[in-house]
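[1] Have a look; sequence and predicted model below, questions after that.
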Amino acid sequence: MKIRVKEEALTALKENRPVVALESTIISHGMPYPQNVKTALEVEAIIRENGAVPCTIGIIDGVGVVGMSPEEIEEFGKRKGIAKVSRRDLPIIMARKEWGATTVATTMILASLAGIEVFVTGGIGGVHRGAQQTFDISADLEELARTNVTVVCAGAKAILDLPLTLEVLETKGVPVLGWQTDELPAFYCRTSGLKVDSAVQNAEEAAAVIAAKRDLHLDGGVLITNPIPEEYAMDETVINTAIEKAITEMDALGIKGKDCTPYLLAKIVELTGGKSLDANIRLVFNNAKVGAQIAAELCRYHEGK
């Protein structure tokens, strides 16, 4: 099997101690260097502070590395031309022994192969605006339908069509839970006007839903949507204006497919004077804390069985 799991994580999994997976696209395609490396290491530190073992996942020379070293994370942050890898790309990148940054979908695949239940990210991909004509729908939604990993996020990325994303998740049978909220967070903002399937007030409630789904052998993920802390949330009008302008410019340039999200996020950072990047970092920190708590609670559940 073309994966390598760090010893610390293997031992923790064997001893029923919490482990949390992290993606690498946010390092290679989500932020500039050195802020990307600094953020990645800070997220790992928050997970440790909350009692879990962090595993940042990436592909190095064709090997899925589950738990990169600080030196490997540094290289991911600096190296140019690292491919953004989703499910369709995984066999190609591995066969060619190349480097690849894992998206939500690929991180879920590799985390599942390693036996890790909980994965923390910023926001998932979903249905792109105008998908009725373009059919541009992220592979993240298909992965959530089939792979047994719980994803803690701040909702779907705000550049997407959030109502249609929820519709697809419903069709795929993916429970969408709100962390201490009945409303779907909108990534940079705490609210969207859209209802989640159910609210969970703490890690114990979240773990109970996850465990029930696993006990029923219902394949697929569970989505925990955690609002950005209020003090770091952006003004809805400001961010929506920036998104609309970024999408208009992207369309004019003819950018499509997997290049859309990196372009839009970078453009929005530019249009907001860096405020959207600060918000992105803060919401990931918040998700890391919640993810570690849920992973720890799941371990307690397994102890009691």
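    Nice, thanks for sending it over.
[2] In contact with residue 155, which residues are there?
    123-124, 162, 184-187, 192, 225, 227 (CB atoms under 8 Å, 6 or more residues apart in numbering). Every residue, glycine included, has its C-beta placed from N, CA and C.
[3] can you give me the helices for this structure?
    For the chain, the helices defined by DSSP state H occupy 7-14, 25-28, 35-49, 70-78, 90-95, 104-114, 131-134, 139-146, 162-171, 203-215, 236-253, 260-271, 275-304.
[4] before we move on, back to that, which two in the contacts of residue 155 are spaced the farthest apart?
    For the contacts of residue 155, with distances taken as CB to CB, the pair at the greatest spread is 124 and 227 (14.7 Å).
[5] neighbour-wise, which of those two wins?
    residue 124 (27 against 23; other CB atoms under 10 Å).
[6] quick one on the thing from earlier: packed most tightly, which of the helices of the chain would that be?
    Of the helices of the chain, the one with the most neighbours on average (mean count of other CB atoms under 10 Å) is helix 25-28, at a mean of 27.
[7] Do me a favour and average the pLDDT over that one.
    Helix 25-28 shows a mean pLDDT of 93.
[8] could I get it in CSV with only the CA atoms?
    Output of helix 25-28 as CSV, limited to C-alpha atoms (Å, rounded to 0.1, in the frame of the first residue of the first chain):
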residue,chain,number,x,y,z
THR,A,25,-3.8,21.9,-0.1
ILE,A,26,-4.3,24.7,2.4
ILE,A,27,-0.4,24.8,2.6
SER,A,28,0.5,24.6,-1.1
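[9] ok, and what's touching it?
    In this structure, residues lying in contact with helix 25-28 by CB under 8 Å, 6+ apart are 36-37, 39-40, 56, 58, 73, 76-77, 79, 82, 84, 101-104, 121-122, 284.
[10] Any idea how far it is from the middle of the chain?
    On the basis of CA atoms, centre = their mean, to the nearest Å, helix 25-28 sits 11 Å off its chain's mean C-alpha point.
[11] Can you name the residues that contact the closest residue to residue 152 other than its chain neighbours?
    Distance criterion CB to CB, 6 or more residues apart in numbering; nearest residue to residue 152, sequence neighbours excluded, is residue 291 at 4.1 Å. Residues in contact with residue 291 (CB under 8 Å, 6+ apart) are 20, 47, 52, 118-120, 152, 224.
[12] Go again with 10 Å.
    By CB atoms under 10 Å, 6 or more residues apart in numbering, the contact list for residue 291 reads 18, 20-22, 43, 46-47, 50, 52, 54, 118-121, 150-153, 203, 206, 224, 226.
[13] Ok, residue 234 next?
    Shown in contact with residue 234 (CB under 10 Å, 6+ apart): 158, 186-190, 228, 240, 242, 268, 272, 275-276, 278-280.
[14] And for residue 17?
    Residues near residue 17 by CB under 10 Å, 6+ apart: 8-9, 11, 51-53, 295-296, 299.
[15] any low-confidence regions in the chain?
    The model of the chain has pLDDT under 70 over residues 1, 305.
[16] how close does the residue nearest the centre of it get to residue 214?
    The centre of the chain sits closest to residue 121, judged by CA atoms, centre = their mean, with a distance of 2.7 Å. The spacing between residue 121 and residue 214, counted by CB to CB, to the nearest Å, is 20 Å.
[17] Contacts only, for the closest residue to residue 64 other than its chain neighbours.
    Leaving aside its chain neighbours, residue 64 sits nearest to residue 3 (4.0 Å; criterion: CB to CB, 6+ apart). By CB under 10 Å, 6+ apart, the contact set of residue 3 is 57, 59, 63-66, 94, 109-111, 113-114.
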